[in-house]
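sharing a model prediction with you, sequence too.
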Amino acid sequence: MPGKRWAAPALLALSLPLMSAHPPAAAATSLPAVSSVADSGVRGPAAATVPLEEINTVTTQVAFGLRRPTAIAAPDDGTNRLFITEKSGTVRVYHPDTGLAETPIIDITASVDETGNERGLLGIALAPDFATSQDLYLAYTALPDGAVTLARYRLDDARLEPLLSQEHAEFSNHNGGQLTFGTDGNLYMSIGDGGGAGDPFDSGQRVDTLLGKILRVDVSRSCGALPYCVPRDNPFVGVAGADERVWMYGGRNPWRFSIDPADGSMWIADVGQGRWEEINHIRTGRQAGANLGWSCYEGLEVFDETQCRSDAAYTKPIFTYSPHTGGCAVIGGMVYHGRQYADLVGDTYIATDYCSSTVWAVRKTAAGGYTVAEIGQTPTQVTAFGVTPAGEFYVVNDLPGGLHRVSFERAKPTCHIAYKAQTWGGGMTVDLTITNTGTTPINGWTLRFPLAPGQTIIGDWNTDLTQSGDIVNAVNTTHNGSIAPGRSVTMGYVADHTGDSSPPSRFSLNRDTCSVTR
């Protein structure tokens, strides 16, 4: 196997749909949508210190009747409006006082190819000077052949001006479509690898195509015949055979990414082939030319060795999760910088999954790593996050088509896990003590936790345990199924490992996240 170098240090291994996490023939899920992030420049208070396992996510539906919504944008113009894109090519307006307007504020259905589950109007971004210019930007698959298109839309005269397009005719999936303005004023856009399964065009590792890329352009001016400019510090400017608009490559379907207005870092949620969903965090100074790994890598595992190069520097995801958690497609969100819940989730990245609805919270640590926890659930089939100018979150879900306000609350864990681990050679034993820290008895339990890569359980005690991929489900036996408040039960397992003997880092008991003594 050719050698590979990671551009970032190993941090955390764990492992979306308009994004199709699986080949189109097997995809039964609906379109995951554009988490349009309004990069409002919000600077919230200091990072929260409440442990992630003590946080719960709450959503409140505030609007009904959306038709397959795909993105949210919030104008910073004092109107308190939200713009919500719909797959067919319309943009609806929501106001907290008057609700969802029936008549679209934008209708480009005559230009949009919405055939297939993943084509349509995919993304929206408001110009930094939107309050005065009334300019916004749309990403969509265009008629007649599904080309992924970036266009400027002038709201004052309802004029659509296509700026660039990427052919995407062979398959209808993996279109990307996220649009976000960076702290540098440039517009960033994601495009998927061209669809199908397994990167059939080898797009991910090529730099002569916009497929499987995040691109960066300056839409505030034009250069020659182009209605935009290519920033001169783009990494492939002047490189023979490369497309100079490419900012990052190696994406499968980076359906949703966001740029943290506090530090300019990028959070990229890339939908996996079927084994791993991944989240990347790339700080400023490391972004230009970053290689996200596909299709050499899917998550942390080699997917296609023929696409691997010994001289390539691959950017390692900070977090991966497998479909064995019930997930199918990661829906990337953003870092919370609002004030209402700053004490709980300030400076914390929030994401979810289209199928499992699990809310993932990712927080940077002082040591340069990350902590990750499940902090509740969103409604079914969330396709996008949005953020108001004040930094508060909303989500939209695909079917049945609703808008939901997101809030957070503190909730003490009802379970606690303590463990003892012993390792030797290629083996390890782990003893777990499960304590009911709640106020009501637990009658029947399932403990779920992920294993590190290369670990395989070969024996267990005091539990009926099954391993599916990296996920373990340990169910009580007949003699320890009831745990009274304040009482504990014990269980354990023996496992083989291939070098990584680290014990589990996260546990949930009956889907409630547990605190852990490490």
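The structure has been received and is ready for your questions.

what residues of the helix or strand hosting Ala373 count as buried?
Taking DSSP states H and E as the definition, Ala373 sits inside strand 370-377. Taking 16 or more other Cβ atoms under 10 Å as the neighbour-count basis, strand 370-377 is seen to contain the buried residues Tyr370, Thr371, Val372, Ala373, Glu374, Ile375, Gly376, Gln377. In this view, the C-beta of every residue, glycine as well, is placed from N, C-alpha and C.

which among those residues gets closest to Ser482?
Proximity of the buried residues of strand 370-377 to Ser482 (Cβ to Cβ) peaks at Glu374, which lies at 24.5 Å.

low pLDDT regions in this protein?
Screening the chain residue by residue with the criterion pLDDT under 70, one finds the ranges 1-45.

about what we covered before: what comes into contact with the strand holding Ala373?
The list of residues contacting strand 370-377 from outside it, by Cβ atoms under 8 Å, 6 or more residues apart in numbering, reads 11-12, 14, 52-53, 55-58, 281, 318-319, 352, 356-365, 408, 505-506, 508, 513.

so which of the residues you listed belong to strands?
Taking DSSP state E, the ones among those that sit in strands are 55-58, 281, 319, 352, 358-364, 408, 508, 513.

returning to what we had before: please, a ChimeraX command that selects the buried ones among the contacts of strand 370-377?
Paste this into ChimeraX to select the buried members of the contacts of strand 370-377, with burial taken from 16+ other Cβ under 10 Å:
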select :11,12,14,52,53,55,56,57,281,318,319,352,356,357,358,359,360,361,362,363,364,408,505,506,508,513
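
now do the contacts for the closest residue to Ala411 other than its chain neighbours.
If the residues on either side of it in the chain are set aside, Ala411 comes closest to Asn56, at 4.2 Å by Cβ to Cβ, 6 or more residues apart in numbering. Under the criterion of Cβ under 8 Å, 6+ apart, the contact list for Asn56 reads Ile375, Gly376, Phe408, Glu409, Arg410, Ala411.

make it 10 Å
344, 359, 375-377, 407-413, 512-513 (Cβ atoms under 10 Å, 6 or more residues apart in numbering).

cool, and Leu164?
Taking Cβ under 10 Å, 6+ apart as the criterion, Leu164 is in contact with 147-151, 189, 210, 215, 217, 219, 226-228, 245.

and those, which are buried?
147-151, 189, 210, 215, 217, 219, 227-228, 245.

want to throw those residues into JSON lines with distance to Asn436?
Supplementary listing: the buried ones among the contacts of Leu164 in JSON lines, determined by distance: Cβ to Cβ, whole Å:
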{"residue": "Ala147", "distance to Asn436": "57"}
{"residue": "Val148", "distance to Asn436": "51"}
{"residue": "Thr149", "distance to Asn436": "55"}
{"residue": "Leu150", "distance to Asn436": "54"}
{"residue": "Ala151", "distance to Asn436": "56"}
{"residue": "Met189", "distance to Asn436": "49"}
{"residue": "Leu210", "distance to Asn436": "53"}
{"residue": "Leu215", "distance to Asn436": "52"}
{"residue": "Val217", "distance to Asn436": "55"}
{"residue": "Val219", "distance to Asn436": "56"}
{"residue": "Pro227", "distance to Asn436": "63"}
{"residue": "Tyr228", "distance to Asn436": "59"}
{"residue": "Arg245", "distance to Asn436": "56"}
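
which members of those occur in strands, if any?
Using DSSP E, the subset of the buried ones among the contacts of Leu164 located in strands is Ala147, Val148, Thr149, Leu150, Ala151, Met189, Leu215, Val217.

all strands for the stretch 1-150 of the chain, in order.
In the stretch 1-150 of the chain, the strands defined using DSSP state E, counting those that start in this stretch lie at 5-6, 55-63, 69-73, 82-86, 90-95, 99-100, 106-107, 121-126, 135-142, 147-154.

out of those, nearest to Ile268?
Using Cβ to Cβ as the measure, strand 121-126 is the one of the strands of the stretch 1-150 of the chain that comes nearest Ile268, at 14.3 Å.

other SSEs contacting the closest one?
Helices and strands touching strand 121-126, by 3 or more Cβ pairs under 10 Å, 6 or more residues apart in numbering; DSSP states H and E, are strand 69-73, strand 82-86, strand 90-95, strand 135-142, strand 147-154, strand 179-181, strand 187-191, strand 382-387.

okay, now the closest residue to Tyr394 other than its chain neighbours: neighbour count?
Once its chain neighbours are removed from consideration, Tyr394 has its nearest residue in Gly386; the separation is 4.7 Å (Cβ to Cβ, 6+ apart). When counting by other Cβ atoms under 10 Å, one arrives at 28 neighbours for Gly386.

wait, doesn't Gly386 sit right on Ile124?
Yes. Look at Gly386 against Ile124 with Cβ atoms under 10 Å: they come within range, at 9.5 Å.

quick check: closest non-adjacent residue to Asp304.
Sequence neighbours aside, Ser295 is the residue nearest to Asp304 in space, at 4.7 Å (criterion: Cβ to Cβ, 6+ apart).

what do you get for Leu215?
The shortest distance from Leu215 to any residue that is not its chain neighbour, by Cβ to Cβ, 6+ apart, is 4.4 Å, and that residue is Arg245.

got it, and Asn462?
Computed as Cβ to Cβ, 6+ apart, the closest residue to Asn462 that is not its neighbour in sequence is Met491, at 4.1 Å.

ok, the one you found - contacts?
Counting by Cβ under 10 Å, 6+ apart, Met491 touches 430-434, 447, 460-465, 474-477, 480.

tell me the phi and psi of it?
Its backbone dihedrals place Met491 at phi -160, psi 170, with angles given as degrees, to the nearest 10.

how close does it get to Gly438?
19 Å (Cβ to Cβ, to the nearest Å).

ok, Phe303 next?
Look at Phe303 and Gly438: by Cβ to Cβ, they are 42 Å apart.

so these two - more neighbours on which side?
When Phe303 and Gly438 are compared for neighbours, Phe303 comes out ahead with 22 against 17, by other Cβ under 10 Å.

quick check: closest non-adjacent residue to that one.
Ser295 (5.4 Å).

the one you found contacts Gly194, correct?
No. Contact status for Ser295 versus Gly194: not in contact, 11.1 Å apart, counting by Cβ under 10 Å.

common neighbours of these two, please.
With Cβ under 10 Å, 6+ apart as the test, Ser295 and Gly194 both reach Pro200, Phe201, Asp202, Ser203, Gly204, Gly212.
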